[in-house]
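Asker: sequence and computational prediction follow.
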Amino acid sequence: MNRPILELIDVNKAFGGVVVAEHVNLKLYPGEIHGLIGPNGAGKTTLLNLISGIYEMDSGRIELNGEDISNMPAYLRARKGIGRTFQMPRFLDKADIEENIRIADDLANPVSFLKSYFGKNDRAYVPRLNELTRIAGFSFNLEDDISSLTFGQRKMLEIIRAILANHKVLLVDEPAAGLNGAEIENEISLLKHAAKNMNMGILLIEHSMDMIMNICSNITVINFGSVIGNGTPDEIAANQDVIEAYLGRSKDA
Amino acid sequence: MYLQLLIVGIAMGMIYALLSLGIVLLVRAVGVLNFAEGQLFMLGAYVTFCLTYQVGMPLWLMIPIAVVILFLFGVLFMFSIYWPLRKSTWSATIIISCLGASSVISELVKVIWGNNPLVYAPLIKGTVKIGGVNLEYQYLIIIAVCILMIFLIQMLFDKMYVGRIMQAAAQNKYAAGLLGVSATLTVAATYGISAALVGIGGWLVAPLFLVRTGLSDFLLKGFAGMVIGGYGSVKGAVIGSILVGIIESYAVLLTTTYQNAIVFLVLIVFLVIKPDGLIKGKISEKA
Amino acid sequence: MTKRLLNRKTIIGAVSLLLFVLLFYLYIPNNTGAYTITVWNSALIYFMANIGTAIMLGSCGMVSFASPAFMGLGAYTSVYICMNYGVNPFITMLIGMLVSMLFAVLIGMALMRLNGTFFTFSTVALCQIAYTVYNGWKPVTGGPNGIPRVPQFTAFGWVAKTYFDNYYVLLTIAIIAFVLANRLGKTNFGRAMNSVRDNELVAKTTGINVFRTKVTAFAIAAGFAGIAGACLAHSTHYVVSTYFTYSNATMYIIQVMIGGVYNIVGVFAGTILITMLPEWLRPLQEYIKLVYGVGVILLMIFMPMGIWGLGSDFIKRIKKRYHIKDNVTPIGVLAEDQEVGK
C-alpha cells in the first residue's frame, strides 16, 4: 500500500437544502477493494456520481493518482481512468454486444478517426474478453443483442466493459443486487481478478454484508452524507456508531 | 403607433399562448411534443367557419358545439396517433407520426373545403380609436377571450380535483392507477382539452388572417413562446408567448422582410443563454 | 469455416453491386422519359441530404429539421462563387459543402447545449430563419424569383447538357456519398455517436465527449445537405428560396423514417419510394399527401424501423427456414473451441 490512487478531500454537496455529502474524506489504494456502505439514502450513489463527474461538487477536492480532477468533466475523468457501473446496468440497447464492448476498447486503445475509418475491423480485445467472460462464468456471441443476456449477466458485462477500458479506478454500484448465489460467486472472482491482476482500485457499494465482509480490505460507512466509520471489516463490525446507524434503520431494511 | 403595435403584439401573443398551452398540457400529461397542434389550430378555424356559414348556427350555439367537436377530435387524435405508440422506445416515432397526422389533417381540410382561403367576418365589424390610431375590434376580442381561456385552464389545473389527478397521472402512472384514475381517460381528456383550446384560437384569428391551411404555421410561434417561457410551465408559456407576440410586433419597426427571422433569432438566443426558460418548468430531467 | 462464410458475404455483396450498377447506370436511364429522369435526379439529391439526416437520427438519435437550411447554404454559396468568379461547379460545390459544415460547427456549438426536444425546436427555428433570409436577401439569393441560368456541371471540356447527363453525375456523387457514410458507422466516431444516442451516461463514463460528438455529427449532416443543395442548383440550373422550406424538412424526415434510420440502404429505398410515389400513383395525384400521411402513421405503428427493418426481419425468417447460420463469434467458451480473435 503506497499512495492512494483516488483521494477525496473534504467533499461537500447539497441539493437545495438537502446535504448529500458533508466533509467526506476517502482514500482508495490500487489493488484494493474498498467497501462503501450505509443505510438507504445515505448518499452512497451520490458519492459515486461526484467521483465520476456526473454531479459537480460544491466544494472539496478529488485527486486521481495525485492529479487534481475536481473540475474535470465526466468524460475526461473516464479517460484519466475512472470507470463505473450502475445500479441498473446501462448499455447501448439499440446496438449489439460487440459495439458495447468496442466503446470500452476505444477508450483503452484510442486510435485516430482516420485510422479507424480506413483500418481493418480490429478484434484484438477478443482474447481478453474471453478470459474475463470465462471468469464471470457465462457465454454469449459477440453479435447478439444486449437483450439476450439475463439481468445478472448484464451486470457482469458492465464490469467486464469497465475492465476492458483499462480504468485505474472502478466504482461499482450494488453489483450483487438481483443476482443469484452462483452469479454472485462469479462476480466476486471477477472483481478480485480486477483488483489483483490489474491492480485496479475498486470502490464498492453493496448492501449484502456477506459480500462486503468477504472481499473488502477496507470499509467506509456513511450516513446522511458524512463518514461515520472507516476501517477494516473487523473494526467496522465492532464500531458502535455503525451498529447504531444500522440498527436504527434495520426495521425498514 | 407604438401603442397600436403593443396591443397587436399582446393579442397575437395571447393566440400563441393558447397554442403553447395546448402543447404544454400534452407535454405535462404524456411527455410528447405534438407537432400537429398547428393543424388542430387551423381545424378550429375551419370547423367554426363551417358551423357559422355552412350550417348557419348563431354564435351562442356555435361555440359549445365547436368545442365539443374539437374535443372529440382531440380524443380521436389521441387514440390514433399517440395510443398505439405509447410504448415505443424510439422517441422519434411519435414525432414522425405527428408529422403524418398534420399532413392528414391539412389534406383532409383541403379535400373538404378546397384550396382557396375563406373569409370569416369579424364578430364586431369596424375599428376602434385608441391613442389616435385605429385598431380592429377583433384584437380586443382576442385579448378578452384568451384571458378567459387561460384563466379557465389555470383553474382546471391548479384548483380543481380533475386537474390535479391529471398531473398525478402525468408524473406517476402507477400511483395514479392506485388512485383509481384510468390513465387512458385522463390522457384522452387532456388531448381533447388541448384540441379544443387551440381550436378556439383558430376561430379567433380567422377574421384577421382568413381561414386557410397556412394558419398551422402559427404553431412555430407557440413553440417559441413555450421554450422562452420555460418548458412545461403554464405560467411561463403564457408570458413567453406574449413576449414573442410583442417582439414580433415591434420587429416591424426594424424590418418587414426579416420579421420572422428576428423572432426565431430571439428564440435561439434564449435557448442558448437561458435554456431553462424564464420560469423553470416542473419537468426536469433526473441525472 | 469462417473463411467459407466470409466468402458467401463477399459474393452477395459483389452480386448486388453488379445488379445495382446494371439497374441504375444502364436500365433506368434507357427506360425513362425526359420528365421522369428529372424526378430520379431529385430523388438522388434528396438521398444525399437524407444521409445527413439519417446520421443525426439513426446514429446520434437527434431529430433535426435543419437540412433545408444547410442545403440552401451549400446551394447559394456554390452558385454565388460559380457565377461571380467563373469557378468550375464541381469545385464550388465542395466549397459550398465546406461552408455549410463551418456554419454547422458554429451553430451546433450553440444548439448542442440543448437536449432532445429543445434541440429539435431550435432546428425548426433555424430552418425558418434560413428560409426568411434566403427569401429576403434578394441581391444574393434572388429571393422568391430565384437565380436563373445556374451553370451546369462541366469537367475537362465535357458539359452536362441534358437531364440524362445530370443523372449520371448525380448518381456518381450519390454513390460516393453512400460509400463515405456507410463506413462511418463502423468507426470509433460511429460508436461514439451510437452511445450518445442510446445512453449519454454510458458515453460519458467511457470517455466520450458528448458535446463534441454531437457538434461533429451535426457538421457531417450539414456537409451532406450542403453538397445536395449545390447539386440541386446545378442540375436544375435554378435555385430559389422555396426549395428550402420547413415543409421540405418534414418530408426529408419522413423519407428517412420510411426507409429505416439505421441503414443507409434503407434511407435510399425510402427516398426513392417517397419521391417516385407520385409518379407511380398518378391517378391519386389529388390525394397523394393524404396517402402519405396515413401511410406514415401506419408505418410508425406497425413498422417503426421502416423498409430496412421489414427487409432484415424477412431475411432473418428466411435464414431460420433454411437453417442458414450466421457468422458468429462465441465468447466465454473454452479456448480450444474457437478460432477467432485473430
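Answerer: Alright, I've got the coordinates. Residues are numbered from 1 along each chain as shown, chains lettered A, B, ... in the order given.

Asker: what about the stretch 201-342 of chain C, any weak spots by pLDDT?
Answerer: By pLDDT under 70, the weakly predicted segments of the stretch 201-342 of chain C are C:334-342.

Asker: where exactly do the strands run in it?
Answerer: Using DSSP state E, counting those that start in this stretch, the strands found in the stretch 201-342 of chain C span residues C:330-331.

Asker: tell me which residue in it sits closest to chain A.
Answerer: C:Gly332 (3.3 Å; C-beta to the nearest C-beta). In this view, the C-beta of every residue, glycine as well, is placed from N, C-alpha and C.

Asker: next up, the contacts around that residue.
Answerer: The contact partners of C:Gly332, by C-beta atoms under 8 Å, 6 or more residues apart in numbering or on different chains, come to A:Asn130, A:Thr133, A:Arg134, A:Ala136, A:Phe138, A:Ser139, A:Phe140.

Asker: what's the distance between it and B:Gly245?
Answerer: Separation of C:Gly332 from B:Gly245 (C-beta to C-beta, to the nearest Å): 63 Å.

Asker: with C:Ile175 instead?
Answerer: 49 Å.

Asker: OK, contacts around the residue of chain A at minimum distance from chain B?
Answerer: In chain A, the residue that lies nearest chain B is A:Ile54 (5.9 Å; C-beta to the nearest C-beta). Applying C-beta under 8 Å, 6+ apart, we find A:Ile54 in contact with A:Ala74, B:Ala287, C:Leu201, C:Lys204, C:Thr205.

Asker: the last one: neighbour count?
Answerer: To tie it back to what came earlier, the one meant is C:Thr205. Other residues within reach of C:Thr205 by the criterion other C-beta atoms under 10 Å in any protein chain shown amount to 29.

Asker: confirm for me that it is in contact with A:Leu76.
Answerer: No. Using C-beta atoms under 8 Å as the test, C:Thr205 is too far from A:Leu76 to be in contact (11.4 Å).

Asker: got phi/psi on the closest residue to C:Met193 other than its chain neighbours?
Answerer: The shortest distance from C:Met193 to any non-neighbouring residue, by C-beta to C-beta, 6 or more residues apart in numbering or on different chains, is to C:Ser59 (4.1 Å). Dihedral pair for C:Ser59: phi -90, psi -40, per degrees, to the nearest 10.

Asker: wait, C:Ser59 sits on C:Ser195?
Answerer: No. At 10.1 Å, C:Ser59 does not count as touching C:Ser195 under the criterion of C-beta under 8 Å.

Asker: around chain C, which positions in the stretch 151-253 of chain A sit nearby?
Answerer: A:Arg161, A:Ala165 (C-beta under 8 Å from any C-beta of the partner chain).

Asker: what about the strands in the stretch 151-253 of chain A?
Answerer: A:169-173, A:201-205, A:218-223, A:226-231.

Asker: closest to C:Gly293 out of those strands?
Answerer: strand A:169-173 (46.1 Å; C-beta to C-beta).

Asker: export the strands of the stretch 151-253 of chain A as a markdown table, with columns for distance to A:Met156.
Answerer: Shown next, in a markdown table, are the strands of the stretch 151-253 of chain A (distance: least, C-beta to C-beta, whole Å):
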| stretch | distance to A:Met156 |
| --- | --- |
| strand A:169-173 | 11 |
| strand A:201-205 | 14 |
| strand A:218-223 | 23 |
| strand A:226-231 | 29 |
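
Asker: let's have these in JSON lines, adding distance to chain B and mean neighbour count.
Answerer: Listed next are the strands of the stretch 151-253 of chain A as JSON lines, based on distance: least, C-beta to the nearest C-beta, whole Å; neighbours: other C-beta atoms under 10 Å in any protein chain shown:
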{"stretch": "strand A:169-173", "distance to chain B": "14", "mean neighbour count": "25"}
{"stretch": "strand A:201-205", "distance to chain B": "17", "mean neighbour count": "25"}
{"stretch": "strand A:218-223", "distance to chain B": "19", "mean neighbour count": "23"}
{"stretch": "strand A:226-231", "distance to chain B": "22", "mean neighbour count": "18"}
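
Asker: in the stretch 1-150 of chain C, what residue is nearest chain A?
Answerer: For the stretch 1-150 of chain C, C-beta to the nearest C-beta, closest residue to chain A: C:Gly61, 8.5 Å.

Asker: number of residues surrounding the nearest residue to that residue once chain neighbours are set aside?
Answerer: Nearest residue to C:Gly61, sequence neighbours excluded (C-beta to C-beta, 6+ apart): C:Arg197, at 3.2 Å. Using other C-beta under 10 Å, C:Arg197 is surrounded by 22 other residues.

Asker: just to revisit the earlier point, quick check: the residue of the stretch 1-150 of chain C closest to chain A vs B:Ala92, distance?
Answerer: 8 Å.

Asker: nearest residue to B:Ser241 in space, ignoring adjacent ones along the chain?
Answerer: B:Gly225 (2.9 Å).

Asker: go on, B:Lys129?
Answerer: Per C-beta to C-beta, 6+ apart, closest to B:Lys129 is B:Leu135, 7.7 Å.

Asker: can you check C:Gly143 too?
Answerer: That would be C:Asn135: by C-beta to C-beta, 6+ apart, it lies 5.6 Å from C:Gly143.

Asker: so where do the helices sit in the stretch 151-287 of chain B?
Answerer: B:161-171, B:173-178, B:183-209, B:218-229, B:234-254, B:259-273 (DSSP state H, counting those that start in this stretch).

Asker: just name the most buried of those helices.
Answerer: Between those, helix B:218-229 has the highest mean count of neighbours, a mean of 28, where neighbours are mean count of other C-beta atoms under 10 Å in any protein chain shown.

Asker: ok, back up a step: filter the contacts of C:Gly332 to the buried ones?
Answerer: Taking 16 or more other C-beta atoms under 10 Å in any protein chain shown as the criterion, what is buried in the contacts of C:Gly332 is A:Asn130, A:Thr133, A:Arg134, A:Ala136, A:Phe138, A:Phe140.

Asker: now do the SS call for the first one.
Answerer: Each residue gets one of three states, and A:Asn130 gets helix by DSSP: H, G, I helix; E, B strand; the rest coil.

Asker: give me the helices and strands touching the host helix or strand of the residue nearest to C:Gly143, please.
Answerer: Counting by DSSP states H and E, the element that carries C:Asn135 is helix C:116-136. If contacts are counted by 3 or more C-beta pairs under 8 Å, 6 or more residues apart in numbering or on different chains; DSSP states H and E, helix C:116-136 sits against helix B:218-229, helix B:259-273, helix C:67-85, helix C:89-111, helix C:138-141, helix C:246-259.

Asker: what's the least confident stretch among those?
Answerer: In terms of average pLDDT, helix B:259-273 trails the rest of those, at a mean of 80.

Asker: close to chain C, is it?
Answerer: Yes. Looking at helix B:259-273 against chain C by C-beta under 8 Å from any C-beta, the contacts come from B:Gln259, B:Asn260, B:Ala261, B:Phe264, B:Leu265, B:Leu267, B:Ile268, B:Leu271, B:Val272.

Asker: now the spatially closest residue to B:Ser249 that is not a sequence neighbour: how far from B:Ile142?
Answerer: Of all residues not flanking B:Ser249 in the chain, B:Gly9 sits nearest, at 3.1 Å (C-beta to C-beta, 6+ apart). For B:Gly9, the distance to B:Ile142 (C-beta to C-beta) stands at 12 Å.
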